[in-house]
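>>> Okay, predicted coordinates and the sequence, questions at the end:
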Amino acid sequence: MAWTAARSPGGRGVSDPTAQAFEAAKTMHLRGRVADAERLYREALRSNPAHLDALHGLGVLCLQTGRPQAAVEYLRQAAAGDAGSAMLHNNLGVALCQLGYLAEAAEAYRRAVAAEPDSVQSLTNLGHVLALLGRNGEALSVLAKAVALEPGSREANSRLGAVLLELKRPDEALAPLQKAAALEPQRAESRIDLGSALVGCGRFGEAAEQFRAALARAPDAVPALCGLGEALGKLDRHDEAAATFARALARAPGDASIHYNLGSALTFLGRIAEAGHAFARAAALEPDVPSYRYAAMATKTTAADDPDLKALERMAGNAERYAERERAELHIALAKAYDDLKRYDEAFGHLERGNAIKRRMVTYDEAKEIGRLRAAAETFTREFLDTRAGEGNPSPVPVFIVGMPRSGTTLVEQILASHPAVFGAGEQPILPQLVNGGRAGEDFPGGAATLDAGGWRHLGDEYLERLAVLAPQASRITDKMPGNFLYAGLIRLMLPGARIVHVQRDALDTCFSCYTKLFDGDVNYAYDLAELGRYYRAYQALMAHWRSVIPPEAMLELSYERLIEDLETEARRLVGWCGLEWDERCLAFHEAKRSVRTASAIQVRRPLYKSAVGRAAPYRQWLEPLLAALGATTS
């Protein structure tokens, strides 16, 4: 932990023997002759035990020579007799921090600031220790003042950026962290912090560059390796991410979080057994972290004597000690375990608890979200589509795979991506980003009416440019963002040569499967059964509209159940509809060597299985709110 280097204090006029000993001690201290300086400081204190400057000097010397406990004793004595020295109280704060006495250190820094309100160093140190105490609001105010007083302070900018990151405000953290990195470009820590901010802003490529720059300066820096691994994972470069986390583990084998991150990368790569081992190692190192058990349970079928189950049950007995996110994971992991054991009553109880916690954590405006689906149908009418037909980019490369989450979209993409002419790009945020950035008119969907022919072409060009860079040689590239069903009309106009694959699964099975997962993205309707059912009905209504206005050569409907029942027939239909020659590798989709970054990452690594059909049946007695909301959608 870096603290401001303590400085030797100045002298004061006192009786000659004491003054002579102190002045000599100060001279030796400044010359780096610490043994002589300590001897002379002690000589001065024998003459006058209350000599404040000698106490201060000896305290600083002890601090500089790795004796913080002794430093605190001398500096406390000096501070008790001198309330007006900012440097003295600042140095006491440094010593207290080294001992972990953070609350007392904060008070020492406050006294330093009171003595010298414009001391950037004291303000910076106070802000840092407040952040360590979890008082980020206060820390932010203090550090902002420090930066305002001295915009060129690397440390103040760095600390301010770190607090903004902790407050989940990466966009605001960028400016001070960029300034800190520019002020000391060779400092690895500044690059690491800037990389973390860029990850938070979704600028993963730039983040990776910063982490690599940090590693060029400090090759063994574990935070830089972990940050690089995270950035590479976000870029879907999971093989590189796994290798990077393995490098980090070689340097920090006892860090449970790195084992967990390695396990996540291995899961995306389909190396499930290795992933399970990594999660188990994380749990062994930190047995009471629900996230590690939650991840481990997903890699296996639970046995009655599974130690992870026993640990989860133990943790559930003291669930209130955990943060909400961890409690949600704890309950969902237990639900999965009990489901494996066919203990459905207990499983559903934990599903209810886990989802109730998650629902409190998310913001979901039901009227607004369902209103957007209805507005899309009202805007993209047959007339609207016909009058603008052919204005976009005609490229046949994009294949959009849409539908509700947990409906089988990942399976369909895995089948297509097993074809040598197809690149499976996974869930790409490109289209939502273009829409949210106003490229499809302000306030989508209504604003889409303002686009002219050039606007539709430009929108298609921009999407295709960002997609094609992922696989420039591929004949087809899949974009498997399920929620893109909202934009089917938009896709038809901006990319009239694109194909849309709509995957459907039994309504009850789809919704219940959603209810068993904690999603990373914006699936905020999934944590309340009634809200989930109402959203499904709105989705179904919008898809019925798209069927009526989008020609069948542009949108293919696939049934998950039919795909499971007759894989080859449906797979051949899918591949042919995409304009490709049949390839037998599409039937061995589970052997495809590609990363999968969805909740179905584990399932698509297995040969086709039928157990997911009728998934909700054992739980039907507890699903009345969902059944009522679905209405005639399901029997």
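Nice, thanks for sending it over.

>>> show me where pLDDT drops low in the stretch 451-600 of the chain?
Counting by pLDDT under 70, the stretch 451-600 of the chain shows low-confidence ranges at 591-600.

>>> what about the strands in it?
Here the stretch 451-600 of the chain has its strands, by DSSP state E, counting those that start in this stretch, at 476-479, 499-504, 555-559.

>>> which one of the ones you listed has the most crowded surroundings?
Using mean count of other Cβ atoms under 10 Å, the stretch among those with the greatest mean number of neighbours is strand 476-479 (a mean of 24). For glycine as for every other residue, the C-beta is placed from the backbone atoms N, C-alpha and C.

>>> Neighbouring strands of that strand in the sheet, and parallel or not?
strand 398-402 (parallel), strand 422-424 (parallel) (DSSP bridges).

>>> Output that strand as CSV, nothing but the C-alphas.
The C-alpha coordinates for strand 476-479 follow below in CSV (Å, rounded to 0.1, in the frame of the first residue of the first chain):
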residue,chain,number,x,y,z
ARG,A,476,-22.5,-16.0,-42.7
ILE,A,477,-22.1,-14.5,-39.2
THR,A,478,-24.7,-15.2,-36.5
ASP,A,479,-25.8,-12.6,-33.9
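
>>> ok now that strand, how far from the chain's centre?
Averaged C-alpha coordinates place strand 476-479 at 25 Å from its chain's average position (Cα atoms, centre = their mean, to the nearest Å).

>>> which residues touch that strand?
396-401, 413, 416-417, 419, 421-428, 430-431, 467-468, 470-471, 578-580 (Cβ atoms under 8 Å, 6 or more residues apart in numbering).

>>> Please pick the buried ones from those residues.
Buried members of the contacts of strand 476-479, scored by 16 or more other Cβ atoms under 10 Å, are 397-401, 413, 416-417, 419, 422-428, 430-431, 467-468, 470-471, 578, 580.

>>> rewinding a little: right, and the strands paired with strand 476-479 - which one's nearest residue 204?
Nearest of the strands paired with strand 476-479 to residue 204, taken as Cβ to Cβ: strand 422-424 at 18.6 Å.

>>> List the residues that contact the residue positioned nearest the centre of the chain.
Centroid-nearest residue in the chain: residue 200, 7.2 Å away (criterion: Cα atoms, centre = their mean). By Cβ under 8 Å, 6+ apart, the contact list for residue 200 reads 165, 168, 170-171, 173.

>>> Residue 614 versus that one, what's the distance?
Distance, residue 200 to residue 614, by Cβ to Cβ, to the nearest Å: 41 Å.

>>> do residue 68 as well
65 Å.

>>> Show me the helices in the stretch 251-400 of the chain, by range?
Applying DSSP state H, counting those that start in this stretch to the stretch 251-400 of the chain gives helices spanning 256-268, 272-285, 290-298, 307-316, 324-340, 344-361, 366-379, 382-387.

>>> elements contacting the third one?
What it means is helix 290-298. Here helix 290-298 touches helix 256-268, helix 272-285, helix 307-316, helix 324-340, going by 3 or more Cβ pairs under 8 Å, 6 or more residues apart in numbering; DSSP states H and E.

>>> Kindly report the same for the first one.
Helix 256-268 is packed against helix 222-234, helix 238-251, helix 272-285, helix 290-298, with contacts defined by 3+ Cβ pairs under 8 Å, 6+ apart.

>>> cutoff 6 Å now
Using 3 or more Cβ pairs under 6 Å, 6 or more residues apart in numbering; DSSP states H and E, the elements in contact with helix 256-268 are helix 238-251, helix 272-285.

>>> Mean neighbour count and distance to residue 438 for those - can I get that in a markdown table?
Converted to a markdown table, those look like this (neighbours: other Cβ atoms under 10 Å; distance: least, Cβ to Cβ, whole Å):
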| stretch | mean neighbour count | distance to residue 438 |
| --- | --- | --- |
| helix 238-251 | 20 | 32 |
| helix 272-285 | 20 | 40 |
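
>>> Would you reformat the ones you listed as a markdown table and include distance to residue 520 and mean pLDDT?
As requested, those are exported to a markdown table (distance: least, Cβ to Cβ, whole Å; pLDDT from 0 to 100):
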| stretch | distance to residue 520 | mean pLDDT |
| --- | --- | --- |
| helix 238-251 | 15 | 97 |
| helix 272-285 | 17 | 95 |
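
>>> Which one of these lies nearest to residue 442?
With Cβ to Cβ, the closest approach to residue 442 among the helices and strands packed on helix 256-268 belongs to helix 238-251: 36.9 Å.

>>> How far does that closest one sit from its chain's centre?
Helix 238-251 sits 18 Å away from the centroid of its parent chain (Cα atoms, centre = their mean).

>>> number of nearby residues for residue 462?
Residue 462 is flanked by 16 other residues according to other Cβ atoms under 10 Å.

>>> switch to numbering from 802
Yep, numbering from 802; the last one is residue 1263 now.

>>> So residue 921 is in contact with residue 951, correct?
Yes: between residue 921 and residue 951 there is a contact under Cβ atoms under 6 Å: 4.4 Å.

>>> Would you mind putting the strands of the stretch 1252-1401 of the chain into a markdown table with distance to residue 880 alongside?
Putting these into a markdown table (distance: least, Cβ to Cβ, whole Å) gives the following:
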| stretch | distance to residue 880 |
| --- | --- |
| strand 1277-1280 | 63 |
| strand 1300-1305 | 69 |
| strand 1356-1360 | 74 |
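
>>> how about stretch 1094-1102 as PDB, C-alpha atoms only?
Extracted C-alpha coordinates of stretch 1094-1102, given in PDB (Å, rounded to 0.1, in the frame of the first residue of the first chain):
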ATOM      1  CA  ARG A1094     -20.400 -22.900  -5.100                       C
ATOM      2  CA  TYR A1095     -23.000 -21.500  -7.400                       C
ATOM      3  CA  ALA A1096     -20.600 -21.900 -10.300                       C
ATOM      4  CA  ALA A1097     -19.400 -25.300  -9.300                       C
ATOM      5  CA  MET A1098     -23.000 -26.700  -9.000                       C
ATOM      6  CA  ALA A1099     -23.700 -25.700 -12.700                       C
ATOM      7  CA  THR A1100     -20.900 -28.000 -13.900                       C
ATOM      8  CA  LYS A1101     -22.300 -31.200 -12.500                       C
ATOM      9  CA  THR A1102     -25.300 -33.200 -11.400                       C
END
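
>>> Give me the contacts around it.
Stretch 1094-1102 is contacted from outside by 1073, 1076-1077, 1080-1081, 1084, 1109, 1112-1113, 1130, 1134, 1137-1138, 1141, using Cβ atoms under 6 Å, 6 or more residues apart in numbering.

>>> quick one: average pLDDT of that stretch?
Mean per-residue pLDDT for stretch 1094-1102: 92.

>>> buried set for that stretch?
Neighbour-count burial for stretch 1094-1102 flags 1094-1101 (criterion: 16+ other Cβ under 10 Å).

>>> Do you know the pLDDT at residue 1120?
The model reports residue 1120 with a pLDDT of 90.

>>> An error on my part: the question was meant for residue 1408.
Here, the pLDDT recorded for residue 1408 equals 52.

>>> How about residue 1112?
The model's pLDDT for residue 1112 equals 94.

>>> quick one, what contacts it?
Going by Cβ under 6 Å, 6+ apart, residue 1112 touches residue 1094.

>>> before we move on, the earlier item: would you check which pair of the buried residues of stretch 1094-1102 lies furthest apart?
By the measure Cβ to Cβ, 1095 and 1101 form the most distant pair in those, at 12.5 Å.

>>> Rebuild the buried residues of stretch 1094-1102 as JSON lines, extending it with distance to residue 931.
Output for the buried residues of stretch 1094-1102, formatted as JSON lines (distance: Cβ to Cβ, whole Å):
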{"residue": "1094", "distance to residue 931": "33"}
{"residue": "1095", "distance to residue 931": "32"}
{"residue": "1096", "distance to residue 931": "33"}
{"residue": "1097", "distance to residue 931": "37"}
{"residue": "1098", "distance to residue 931": "38"}
{"residue": "1099", "distance to residue 931": "38"}
{"residue": "1100", "distance to residue 931": "41"}
{"residue": "1101", "distance to residue 931": "44"}
